[in-house]
Every structure is written in C-alpha cells, then in structure tokens.
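Colleague: Quick one, what's the 3D model for this:
(one chain, ligands or ions: 1)
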Amino acid sequence: MALLEVEDLVVQYYTEDGVVRAVDGISYEIRAGETVGLVGESGAGKSAASRALLRLLDGTGEIVGGKIRFRGRDILELSSDDLRAIRGNEIGMVFQDAGAALNPVYTIGEQIAETIRAHEDVSDGEARDRTIALLDRVGISKPATRYTDYPHELSGGMQQRAVIAMALACDPALLICDEPTTGLDVTVQAGILEVLAELAAESETAIQLVTHDLGVVADLCDRVLVQYAGEIVERAPVEDLYYDPKHPYTVGLLVATPRLGDDRERLPTIPGTAPDLVAPPTGCRFHPRCPYAEGCCSRRRPPLVEPASGSPANGDPDAHVAACLEYTGDLETGLDYEIQVRDEAGEDGQERTHQGDPQ
Ligand SMILES: Nc1ncnc2c1ncn2[C@@H]1O[C@H](COP(=O)(O)OP(=O)(O)OP(=O)(O)O)[C@@H](O)[C@H]1O
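Modeller: Model (predicted):
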C-alpha cells in the first residue's frame, strides 16, 4: 500500500469572478521514503493540491471531489481531532512563508519542544534535548543558544530552517514542502535545499516538494508530477522527465530552466500566460500556448497515456505517462522538439538541447 494515495482530487475556490477549479481531478501516489516533485507555473494549483492533503485550504477553498488516503485512512472522512493528531506528527508541513508559521511570542525552542510534547509523552528535558538535536540537524549553529531565540531574532533563512525542524519534530512519514525557498536569497536557498536533500537521501520520510523550479527537482526528487491548469499533464521518474520529456509544456519548462554554465543572456519563456481557471480552455488546456497544437487539441481533452503504446495510465507510479493527443495518435504533424530547441540555439548553430545534464 502506498503511503499517500490521491484519487481524482478536485479543489475549488469561490471568487467574485466565479468558481476557480484550482485542482481538477488529479491522481497520484507517494510511497514511503520517496521524494516527489510537483512542478508547474504559478497558478497551476500546486499549493491548493498540497494544502488539500491536510484539509488546510485557505479562504473559500473546498475539496469537492476525490479521495485522499494516508496510510489507508481516508483523510476526508477523519474527525478534526483525528486530523489534528496526524498534522505535525505523521505529516509535517513547510510552507512558503516561514515567518507566518512561527508564533512570535514563543522562542523557537519552546515551539518545537511543544510540538513534540503535544504528540508524544516525553519529559520536558527530553523534548528540549530532541529540539536541540533537530536545530543542529537543520544546520542552525549553536543550537542550544538559539533555542531561546524568538523568531524575529532569526534571519528568513534561519526561520525556515526552524520551521523545517518543527515539521520534523515527530519524525513524520510524509513532509509536504510548498515552495520552501521562495523569497529567500540564492545562497540561503542553497542551504535550505541542502537540508532537504539530506533528508530526502537519508531518512525514511517521504517528501512532496512543490516548486516551480525544475533545477531543484532534478537535485532532490525521485519522481516528478507536472501540473498545468489544475491537471497533471506528465508524470515520470526524474531522469526520464529530464532526458525524455513527453509533454510540450514540460519541454517548455525545461527549456526555460537555467542550467549550470548557461550562457544564454535571456532564458526563453513559454509564450502566453497560465489560463484562467474559472473558464479554462476546452480540450487540452495547454493548446492556446502550444507550438504543436492542431484543431483536435481544442476539442479533445487528452487522457494520461503511456507515450509508446498510447494505452491509458494504469496507476504504476514508476510509469512515464503524458496527456498529449500526440500519444493517442490524434496529431497529424506530431511533435518535433528538436526544431523548437534548435530555434533557441545561438548564432553558432550549436544545439542546446533540453537533454543536457540536469543540475
Ligand atoms: N484563497 C484563494 N481564494 C481564491 N482563489 C484562490 C485562493 N488561493 C488560490 N486561488 C486560485 O487557485 C488557483 C491555483 O492557485 P495555487 O496557489 O494553488 O497555485 P500554485 O500552482 O501553487 O501557484 P503559486 O506557485 O503561485 O503558489 C489560482 O487560480 C489562484 O488564483
């Protein structure tokens, strides 16, 4: 049994402009210990999908369909007490804004120790010792001294490390990280990513990592889910996705990802903007931005299929599947990524393919 199973999840927000279907029928699973990246541009519904896992949607957000099972338990059916017992204990969370996750009136040590005591029957001394060990593990130097710091005494990066320490306090089976480094400067980001990379490599904790940065995914993840306009359009083990992307949107994301030694002055971006989720495009939601779109793309919604055979995705989490009509045999001209990628080449005509080393 998978640790986490998400089936046909649908999340909506109710706004003045209408009903926003932020997540529209996504399915995936995460097994114990693996790190899964959820990538896509801003507005794709990645945060909504992640917050829904713990029923922590903000504003008018509502889960209107689907199933979420964690260790076989139906998250959507749990009482709020049972859910609270899972949050912060079996499932840890790290969201974008570290400042908001910390209580300004308690020291970081007290907050982390309190999280441990809330879920486990331990003495104050033991909670304190474990907290200091956690602060050390996430790279906070002089952890015994830092224990008594208030959040405002820490830099943004150190606050985020403290939040990660708090999320790890009860040794969770699953850690949900939503853009954990956004808003931090580049060197600070690198430090936080290192902490997560160690965690991904060494611990039994599974991670769902939400990011718009495919470079980060390459460093940390075992598998990747690509989300576009509320749907998963491609799912693959990380190497397959980098070396052999199948969906034109994924190719666009990869071409737009800076690489080590990149000498392009301006990175190409995917033309157009993410669609309005009140009234998303018909058929394939990416078709208005897709360089390969044909008439059928605005009429047929592509199913997730195995590209080689065109057979429907069968739930094998390690399968490489993509939702593009090319793979159901509907496109006449087909996809020719080489041409698009060559267009990005410099004047020397050197091809810079998206199939370089992921970094
Ligand atoms: N509290 C809210 N009220 C109304 N609409 C919302 C709310 N939160 C998100 N949305 C809408 O839901 C859609 C998905 O947003 P979400 O934040 O989940 O995307 P995302 O992929 O995580 O983007 P980002 O990387 O910018 O966080 C967007 O259209 C957004 O405007």
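Colleague: Excluding covalently adjacent residues, which one is nearest to Lys46?
Modeller: Excluding its sequence neighbours, the residue lying closest to Lys46 (CB to CB, 6 or more residues apart in numbering) is Val210, at 4.6 Å. For glycine as for every other residue, the C-beta is placed from the backbone atoms N, C-alpha and C.
Colleague: Show me what the residue nearest the centre of the chain is bridged to.
Modeller: For the chain, the residue whose C-alpha lies nearest the mean C-alpha position (CA atoms, centre = their mean) is Val210; its distance is 1.9 Å. Beta-bridge partners for Val210, by DSSP bridges, are Leu38, Asp178.
Colleague: mind listing what's buried in stretch 283-297?
Modeller: 283-290, 292-294, 296-297 (16 or more other CB atoms under 10 Å).
Colleague: do the same with stretch 182-192
Modeller: Of the residues in stretch 182-192, those scored as buried under the neighbour-count criterion (16+ other CB under 10 Å) are 184, 188-189, 191-192.
Colleague: Enumerate every residue touching the residue in the stretch 51-200 of the chain that the ligand sits nearest to.
Modeller: Minimum separation of the stretch 51-200 of the chain from the ligand (CB to the nearest ligand atom) falls at Gly59, amounting to 3.0 Å. Contact analysis of Gly59 by CB atoms under 8 Å, 6 or more residues apart in numbering lists Tyr13.
Colleague: measure it to Ile164 for me?
Modeller: With the distance defined as CB to CB, to the nearest Å, Gly59 ends up 26 Å from Ile164.
Colleague: With Ala197 instead?
Modeller: Applying CB to CB, the value for Ala197 to Ile164 is 12 Å.
Colleague: More neighbours: which of the two?
Modeller: Taking Ala197 and Ile164 together and counting by other CB atoms under 10 Å, Ile164 has the greater number of neighbours (26 against 14).
Colleague: Pop out the phi and psi values for the more buried one.
Modeller: Dihedral angles of Ile164 (phi, psi; degrees, to the nearest 10) stand at phi -60, psi -40.
Colleague: Same question for the one 10 residues further on.
Modeller: Its backbone dihedrals place Leu174 at phi -140, psi 130, with angles given as degrees, to the nearest 10.
Colleague: now swap in Leu175 and tell me
Modeller: phi -120, psi 130.
Colleague: Tell me which residues touch it, please.
Modeller: For Leu175, counting by CB under 8 Å, 6+ apart, the contacting residues are 91-94, 167-168, 199, 205-208.
Colleague: rerun that using 6 Å as the cut-off
Modeller: With CB atoms under 6 Å, 6 or more residues apart in numbering as the criterion, the residues that contact Leu175 are 92, 167, 205, 207.
Colleague: same check, this time on Val94
Modeller: Taking CB under 6 Å, 6+ apart, one finds 163-164, 167, 177, 180 in contact with Val94.
Colleague: Among those residues, which has the minimum pLDDT value?
Modeller: Among these, Pro180 carries the lowest pLDDT, at 88.
Colleague: out of everything not next to it in sequence, what's closest to it?
Modeller: The shortest distance from Pro180 to any residue that is not its chain neighbour, by CB to CB, 6+ apart, is 4.9 Å, and that residue is Val94.
Colleague: I'd like to know which of the contacts of Leu175 are buried.
Modeller: Applying 16+ other CB under 10 Å to these, the neighbour count classes 92, 167, 205, 207 as buried.
Colleague: which residues of the stretch 1-150 of the chain fall in strands?
Modeller: In the stretch 1-150 of the chain, strands defined by DSSP state E, counting those that start in this stretch lie at 4-15, 18-30, 35-39, 62-70, 73-74, 91-94, listed in chain order.
Colleague: before we move on, what about the stretch 201-350 of the chain?
Modeller: 206-211, 223-228, 231-237, 321-322.
Colleague: Could you export these as JSON lines, including mean pLDDT and distance to Pro312?
Modeller: Supplementary listing: those in JSON lines, determined by pLDDT from 0 to 100; distance: least, CB to CB, whole Å:
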{"stretch": "strand 206-211", "mean pLDDT": "95", "distance to Pro312": "24"}
{"stretch": "strand 223-228", "mean pLDDT": "97", "distance to Pro312": "17"}
{"stretch": "strand 231-237", "mean pLDDT": "97", "distance to Pro312": "13"}
{"stretch": "strand 321-322", "mean pLDDT": "98", "distance to Pro312": "9"}
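Colleague: For Arg55, find the nearest of these.
Modeller: Ranking those by proximity to Arg55 (CB to CB) places strand 206-211 first, at 15.3 Å.
Colleague: So is the closest one next to the ligand?
Modeller: No. Judged by CB under 6 Å from any ligand atom, strand 206-211 makes no contact with the ligand; its nearest approach is 6.5 Å.
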